[in-house]
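Peer 1: Sequence and predicted structure below; questions after.
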Amino acid sequence: EQFSVECKMLFRVLLLTWLAGALAGDYYWHVRLGFASPDGFDRPVVIVREGAESNAHAFPPPTLRVVEGEHVRVHVTNDLPTHHITIHFHGQHFVGYPWSDGPAHITQCSISPGHSFTYEFIAGPSGTFFFHDHAGGKSADGLQGIFIVEPKTPEPFRGQYDEELEPLLLTDWYHTFSETQIAGLTAQRTEGRGFRWVGDPKSILFNGRAACPAALASNPCSDTSTGDCCDTERAGHYVFNVQQGRRYRLRVVGATQMSYLNFRIAGHRLTVVEADGTYIQPFEVDSLDVNSGERYSVIFTANQNIDNYWMSALQIYRGPVQGGAILRYVGAPAVDPSGSPSNPDATTLLAPVEPPAPASYDLSRWNPNNLKSLAGYSPSVPQGPADKTITYATAQSFLADYLTWNLNGVAQVEDPSLPLLQARYLGVEPDYDTLPPNASGLGRVVEHIPLGSVVDVVINNLAAANGKNEEHPWHMHGGYFWVLGTGIGQYNPAIHASTLNMVDPVYRDSTTVYPWGWLVIRFVANNPGVWLFHCHILWHLKMGMASTFVVGEPKDIPAPPSHYPFCGTRNSVCMGTNQYCKARSSINFYNYHNSGSCSGSNCKQ
């Protein structure tokens, strides 16, 4: 007993010491190119090296854990030879720190080769998150990892599990470098063969590992190999080790570029307790649908015979690409489970939905409307009508000879000359507000929202250019929204308003609108800044499927940190009769991309 008391006291001292040190955390990342064979196919990848002098690096990057309320500073240096990057800590709210949100051309200029940027924010909310590139497509090349914010107070389900497994990062993996893929997506019809779709991924990775794809499995690499082959020493199934009879928490992170995945553990029921960092009313499922940008915590009991069991993930609403990992009980042999990974719950959901629109979907196993907030842990949804309602019709069509995904006929394009948050803060309204959608339909989708407003967003999911219809995972930066409801067809308030959940809707930052379906979300615009709202399928974002929420007035935006590199040429910012040039004359502008200081007339205050 005395030993137990002494251990508890020592643990408490160590914990408090650790927490005290965690109040201000500095992390140094160097981003560089390397090679990896996560599914046996050797290709260039983007890796993160921790510290300037360290040779330690990992693919994918190691999980970063911080404490709620920690003052986080992540110093990112771009050591890539030619590629620009940014980092977005997906799901963090950046209250008071909108300058660190990360999307290129929205809150910052991208980090050019040889340059650095410090992401500074107070960690919050707590829960399961991840970080990824938000400039080009480097998340598809490996620049993404898990980010966990430990809560200050115990979670309501802490007593329901004995230990936490290492978190699971689910990714879809291609054998082509992302810049080649994006070049095909953004090609005009008159350029060569024009638009080129990226196709289905080659593999589904579990924490950066997968078995060799079938097309390569018969050609193992050797010293005499020619052409594509599979490095069998590096490919293989990731293994999670469990002990019979114990209860486990598993965090599941949907870090895919495109794939909507059905996840299951053979023979084990899953109790879902967390969605995107918020606590939900627990419910049991045989399998879990995880879309790009979504995160969940599940609890399961290792209550089967000592053996090996498949953990499987199957791409749904597209071609049937499948991946697997192994749940291995202590005492089981180190072999693959019998059979192959399977997802029987999802066998009817394997392709984009052809017209006509279905009357309904069989979502009995996994209905997003069944996700409900746990009482006492999420704010109550505001009642009554919204102060502002934004309605988007999403569609795919050719605009200015580009195949785009667009909102109300406008595809959002990136303008590298001046980040929108910077322009808003400085009061450069003509530059900031829009690239006015011209006859081509290319421009910006900008929504001005008064601070404190209650906002409803209605999304009606229309067809792609080929007549089929796809699902879209929507993610909002800078805060949470309530998912009031989803359904089939187009939203009609007279018919559907009475079906919305105004009592205990789930409160999260990412959710899915289904093929031929509608979605209604609500949020309170209480975080001043410029926040991206977009489809989290990387390829759709690059094709224009995004809008920008401008919350509050310039005076409401917190001042940038002293190290923030204002960018864009002075000429693109201070021009004409804009009065902000005088009012904010102390700001040091320079061309960040070219790392040059201003000169000549552009430097005059």
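Peer 2: Ah, there it is.

Peer 1: Asn219 versus Tyr377, what's the distance?
Peer 2: Distance of Tyr377 to Asn219, computed by C-beta to C-beta, to the nearest Å: 52 Å. Any C-beta I mention is one placed from the backbone N, CA and C, and that applies to glycine too.

Peer 1: likewise Gly443?
Peer 2: 48 Å.

Peer 1: Same drill for these two, tell me which one is more crowded.
Peer 2: Set Gly443 next to Asn219 and count neighbours by other C-beta atoms under 10 Å: Gly443 wins out with 20 against 15.

Peer 1: low-confidence ranges in this structure?
Peer 2: Applying pLDDT under 70 to the chain flags residues 1-24, 52-57, 226, 347-369, 416, 429-439, 568-605.

Peer 1: 80 instead, please
Peer 2: Along the chain, segments meeting pLDDT under 80 span 1-24, 51-58, 190-193, 223-227, 345-370, 414-417, 428-440, 568-605.

Peer 1: can you map out the helices along it?
Peer 2: Taking DSSP state H to define them, one finds helices in the chain at 2-22, 178-185, 214-217, 420-426, 429-433, 493-496, 538-542, 570-573, 580-583.

Peer 1: The third one: which residues count as buried?
Peer 2: Yep, that's helix 214-217 we're talking about. For helix 214-217, a neighbour-count test (16 or more other C-beta atoms under 10 Å) marks Leu216 as buried.

Peer 1: how many other residues sit next to Ile47?
Peer 2: By other C-beta under 10 Å, 21 other residues sit near Ile47.

Peer 1: mind listing what Ala400 touches?
Peer 2: The contact partners of Ala400, taken as C-beta atoms under 8 Å, 6 or more residues apart in numbering, are 188, 440-442.

Peer 1: which phi and psi does it have?
Peer 2: Main-chain dihedrals, Ala400, degrees, to the nearest 10: phi 50, psi 40.

Peer 1: gap between it and Leu538?
Peer 2: Ala400 is 22 Å from Leu538, where distance means C-beta to C-beta.

Peer 1: Equivalent analysis for Glu414, please.
Peer 2: Between Glu414 and Leu538 the distance is 14 Å, computed by C-beta to C-beta.

Peer 1: ditto for Phe35
Peer 2: Using C-beta to C-beta, Phe35 is found at 22 Å from Leu538.

Peer 1: Compare these two (neighbour count), which wins?
Peer 2: A direct count of neighbours by other C-beta under 10 Å for Phe35 and Leu538 places Leu538 higher, at 26 against 10.

Peer 1: doesn't Asp141 make contact with the more buried one?
Peer 2: No - in this structure Leu538 lies outside contact range of Asp141 using C-beta atoms under 8 Å: 11.0 Å.

Peer 1: For Ala302, which residues are in contact?
Peer 2: So Ala302 contacts 242-248, 268, 327, 329 (C-beta under 8 Å, 6+ apart).

Peer 1: any idea which residue sits dead centre in this structure?
Peer 2: Gly293 (3.7 Å; C-alpha atoms, centre = their mean).

Peer 1: That residue contacts Pro473, correct?
Peer 2: Yes - between Gly293 and Pro473 there is a contact under C-beta under 8 Å: 5.3 Å.

Peer 1: and the residue nearest to the centre of the chain, how far is that from Asn461?
Peer 2: 16 Å.
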